[in-house]
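>>> Could you look at this predicted model? Sequence included:
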Number of protein chains: 2
Amino acid sequence: MRCDCADVLRDLPYRIGDKWTAHVLRGLQHGRRRFSELRAEMPGVTPKVLTETLRAMERDGTVTREAFDENPPRVEYELTGQGVKMLGLLDLCCAWARENLVETDAS
Amino acid sequence: MRCDCADVLRDLPYRIGDKWTAHVLRGLQHGRRRFSELRAEMPGVTPKVLTETLRAMERDGTVTREAFDENPPRVEYELTGQGVKMLGLLDLCCAWARENLVETDAS
């Protein structure tokens, strides 16, 4: 099941990594994606900020980047084992939010 | 079991609420505490910052404040039902960290 947490990540009482990290984890949860594909799934992110987020995640060891020598150039991103672990954390937090915050909104 | 996450909260890849929120949740997990008791459990926090954190948590509905008309004045804080829910989220995240991050540190 695709979690729709991207829509509500701003309002949650927790943050996974930096501001856009959770969005990237969701964007890559079903496998490797091109930069343009990731960007299309993240409304509101600028190319500069997405690039910075991906570089930070590469440094942290949660994402790998592969550049293909094609014309036009193709660059793909994929979660590492550590990235998949962080996705598991995000799943836990999203499950918590579904159980607890919907009820709160209704009260 | 008391979670010792306070020691490592700065290094975790997630944040619950604002910077000191998780520390306050832990400080109140066993029941109501005076301001001075909370402060003693949170090395590095200034009285000003702890006051701001507690006010923000009051506004968010995770903490209640009770002032007793004594001399010297006594003020106690306690988690609300919503605060206990957030403590549950913190427990989930701490459990994840224990399972995943120790292994990472060792590799």
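That came in fine, so what should we check first? Numbers count the residues shown, from 1 in each chain, chains lettered A, B, ... in the order given.
>>> hey, let's count contacts and neighbours off CA atoms from now on
Noted.
>>> ok and the longest helix along chain A relative to helix B:81-106, angle-wise?
Looking across chain A with DSSP state H, the single longest helix is helix A:81-106. When axes from the mean of the first three to the mean of the last three CA atoms, to 10 degrees is applied, the directions of helix A:81-106 and helix B:81-106 differ by 180 degrees.
>>> what does the average pLDDT come to for helix A:81-106?
Helix A:81-106 shows a mean pLDDT of 81 in the predicted model.
>>> Which strands or helices does it pack on?
Other elements packing on helix A:81-106 under the criterion 3 or more CA pairs under 8 Å, 6 or more residues apart in numbering or on different chains; DSSP states H and E are helix A:21-27, helix B:81-106.
>>> Buried residues in it, which are they?
Neighbour-count burial for helix A:81-106, counted by 16 or more other CA atoms under 10 Å in any protein chain shown, picks out A:82-87, A:89-90, A:93-94, A:96-97, A:101.
>>> before we move on, the earlier item: which stretch among the helices and strands packed on helix A:81-106 comes nearest B:T62?
Of all those, helix B:81-106 sits nearest to B:T62, with 3.9 Å by CA to CA.
>>> Enumerate every residue touching A:A97.
Residues in contact with A:A97, defined by CA atoms under 8 Å, 6 or more residues apart in numbering or on different chains, are A:L12.
>>> what does stretch A:38-49 contact?
So stretch A:38-49 is contacted by A:6, A:23-24, A:27-28, A:50 (CA under 8 Å, 6+ apart).
>>> let's see 10 Å
By CA atoms under 10 Å, 6 or more residues apart in numbering or on different chains, the surrounding residues in contact with stretch A:38-49 are A:6-7, A:19-20, A:23-24, A:26-28, A:32-36, A:50-53, A:55, A:76-77.
>>> Dump the helices and strands packed on helix A:81-106 to CSV, plus distance to A:E41.
Formatted as CSV, the helices and strands packed on helix A:81-106 follow (distance: least, CA to CA, whole Å):
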stretch, distance to A:E41
helix A:21-27, 7
helix B:81-106, 26
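>>> ok so, going back, so which of the contacts of stretch A:38-49 are also by chain B?
Among these, none lies close to chain B by the criterion of CA under 10 Å from any CA of the partner chain.
>>> Just the buried residues from those residues, in PyMOL please.
Filtering these down to the buried ones (16+ other CA under 10 Å) takes a single PyMOL command:
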select buried, chain A and resi 6+20+23+24+26+27+28+32+33+34+35+50+53+76+77
